[in-house]
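Novice: Mind looking at a prediction? Sequence and model below.
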Amino acid sequence: MKILVVGGGGREHALVWKIAQSSRVSHVWCAPGNPGIARHAECVPIAATDIDALLEFALEQDVDLTVVGPEAPLTLGIVDRFRSAGLTIFGPSRAAARLEGSKGFSKDLMAKYGIPTAAYRRFTDRDEAVAYIRNQGAPIVVKADGLAAGKGVVVAASIDEAVAAVDNMMIAGAFGEAGAEVVIEEFMEGEEASFFVFTDGKNILPLASAQDHKQIFDGDQGPNTGGMGAYSPAPVVTPELYEKIVNKIVRPTISGMEREGCPYAGIIYIGLMIVKGKPKVIEYNARFGDPEAQPLLVRLKSDIVPVLLGCARGEMRQSELEWHDKAAVCVVMASGGYPGDTQTGFPISGLDDAEKIDDLIVFHAGTASKDGQVINKGGRVLGVTGLGKTVAQAIDKAYQGVKVISWEGAQYRSDIGRKALNRDN
């Protein structure tokens with residue numbers, strides 16, 4: 001089989017790394033890819049959002065399966081275009097991708113089908129939004145309706161902070177059209193978890209549990225990011241909670257999407273808040289999480305290609321996945337200034353030394369090549385992923401790798417996975 005992976009971040013590096021291990025695969029391309037991905041696949045210089053060029057390439061190369069990594073091409077309708085051309089592609093349709101592309105759409109779906117989530121209101125008028133905030137009080141959550149690269153959510157501790165978030169989105173246009181409408185939600189207090197499910201639109205195949213770390217600083221402080229690290233398994237998801245998530249959230253979501261006339265096929269990422277032992281949906285994503293994909297795919301023992309094909313063809317027959325018994329922890333190393341204006345273009349040292357460490361994999365996200373050196377190019381640069389018999393050992397392994405890698409301004413959290421250790425104690 002010949003496979004094309006669309007994207008060029010850490011999630012796509014992990015997907016390419018896993019796909020390339022399949023005995024069914026003869027060739028892997030990645031568009032646009034990155035220097036790390038180039039070790040496992042042939043990178044082609046086509047942007048993930050250039051649907052016309054991607055379609056032309058897939059037809060020319062007679063690609064058997066295209067796997068879409070990031071959300072932007074999904075919301076632009078890449079799946080619909082490829083299927084219209086007779087190509088097999090993994091990911092939800094444009095209509096189904098609204099589950100991530102519009103916070104308002106997803107909240108309305110949850111309300112309609114009784115899926116537990118925070119109370120909310122949608123606003124297109126700034127003054128009405130501010131009046132609602134003043135009436136509700138703080139803490140309160142303000143979300144841009146559309147895609148904002150994981151940065152369009154503000155958990156406001158005060159009314160003034162919430163109003164400033166509304167003005168930043170609706171008046172200043174910080175996220176463009178994505179912030180023209182906002183969703184304002186009640187604040188939920190609890191512990192977050194990430195839950196992933198493969199689906200062909202009817203059948204579901206849940207993955208192992210994982211937990212992300214959204215805030216930039218230790219102790220979950222500072223602004224939200226795209227994710228500063230993740231680990232799997234996440235002990236917060238007990239077997240009892242797992243069943244609740246599947247029956248009260250996953251199945252109603254998939255059946256609800258089918259009833260709405262936009263069946264969902266691909267992988268669905270459900271961001272959860274565990275409130276007093278009960279799961280509530282924070283948000284949906286229409287693709288693998290990043291950085292959760294890194295520890296999950298490192299732990300996945302099963303061949304991923306038959307699952308991707310089954311979802312893409314609407315005929316997923318697999319009933320379970322096999323997992324390595326080791327834990328995995330991914331620590332994100334980011335550029336200075338992230339999640340604001342980033343400082344990029346600096347040579348990265350220590351990558352060769354990190355690769356010599358057993359049970360350690362360095363996934364590239366925001367990297368590029370310049371004059372024979374790997375440099376930092378984006379906000380989140382590397383996902384340093386360690387394996388261990390326990391979460392504690394996996395943490396030690398990941399930070400062993402982090403300590404040998406450096407570039408000017410590099411930053412990372414020092415407490416990734418600590419919640420799992422605290423729960424064990």
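Specialist: Received, thanks. Note that this is a predicted model, so its numbers are computed, not measured.

Novice: Distance from the chain centre to the helix or strand that contains A111, please.
Specialist: Per DSSP states H and E, A111 falls inside helix 103-112. Chain-centre distance of helix 103-112: 20 Å, with Cα atoms, centre = their mean, to the nearest Å.

Novice: Which residues does it contact?
Specialist: By Cβ atoms under 8 Å, 6 or more residues apart in numbering, the residues outside helix 103-112 that reach it are 98-100, 115-117, 120, 122, 143-146, 181, 183, 185, 253, 256-257, 260, 281, 283-284. From N, CA and C alone the C-beta is placed, and that goes for glycine too.

Novice: What average pLDDT does the next helix or strand after it get?
Specialist: Once the chain leaves helix 103-112, the next helix or strand it forms, by DSSP H and E, is strand 120-123. Regarding strand 120-123, the rounded mean pLDDT is 97.

Novice: Neighbouring strands of strand 120-123 in the sheet, and parallel or not?
Specialist: strand 182-186 (antiparallel) (DSSP bridges).

Novice: Report the buried residues of the strand it pairs with.
Specialist: 182-185 (16 or more other Cβ atoms under 10 Å).

Novice: Same question for stretch 33-45.
Specialist: 33-37, 40-41, 43.

Novice: In a markdown table: the residues you listed, plus pLDDT.
Specialist: Output for the buried residues of stretch 33-45, formatted as a markdown table (pLDDT from 0 to 100):
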| residue | pLDDT |
| --- | --- |
| G33 | 98 |
| N34 | 98 |
| P35 | 98 |
| G36 | 98 |
| I37 | 98 |
| H40 | 97 |
| A41 | 98 |
| C43 | 98 |
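
Novice: mind putting those residues in JSON lines, secondary structure included?
Specialist: As requested, these are exported to JSON lines (DSSP: H, G, I helix; E, B strand; the rest coil):
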{"residue": "G33", "secondary structure": "coil"}
{"residue": "N34", "secondary structure": "coil"}
{"residue": "P35", "secondary structure": "coil"}
{"residue": "G36", "secondary structure": "coil"}
{"residue": "I37", "secondary structure": "helix"}
{"residue": "H40", "secondary structure": "coil"}
{"residue": "A41", "secondary structure": "coil"}
{"residue": "C43", "secondary structure": "strand"}
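
Novice: Now flag whichever of those is closest to F288.
Specialist: The shortest approach to F288 among these belongs to I37, at 14.7 Å (Cβ to Cβ).

Novice: how close does the closest one get to D359?
Specialist: 21 Å (Cβ to Cβ, to the nearest Å).

Novice: One more: A293?
Specialist: For A293, the distance to D359 equals 18 Å [Cβ to Cβ].

Novice: now swap in S194 and tell me
Specialist: 22 Å.

Novice: More neighbours: which of the two?
Specialist: S194 (26 against 18; other Cβ atoms under 10 Å).

Novice: which of the residues in the helix or strand harbouring that one are buried?
Specialist: Assessed by DSSP H and E, S194 sits inside strand 191-199. Of all the residues in strand 191-199, those buried under the rule 16+ other Cβ under 10 Å are 192-199.

Novice: average model confidence for that strand?
Specialist: So the average pLDDT for strand 191-199 ends up being 93.

Novice: got a list of contacts for that strand?
Specialist: Everything outside strand 191-199 that qualifies as a contact, by Cβ under 8 Å, 6+ apart, is 204-207, 209-212, 214, 230, 234, 236-237, 245, 249-250, 254, 264-274, 279, 282, 288-289, 292, 296, 307, 310-311, 316, 419.

Novice: do that again at 6 Å, thanks
Specialist: Residues outside strand 191-199 that contact it (Cβ atoms under 6 Å, 6 or more residues apart in numbering): 204-207, 210-212, 234, 236-237, 245, 250, 254, 267-270, 272-274, 289, 292, 307, 311.

Novice: following that strand, which helix or strand comes up?
Specialist: strand 204-206.

Novice: Thanks again, I'm all set now.
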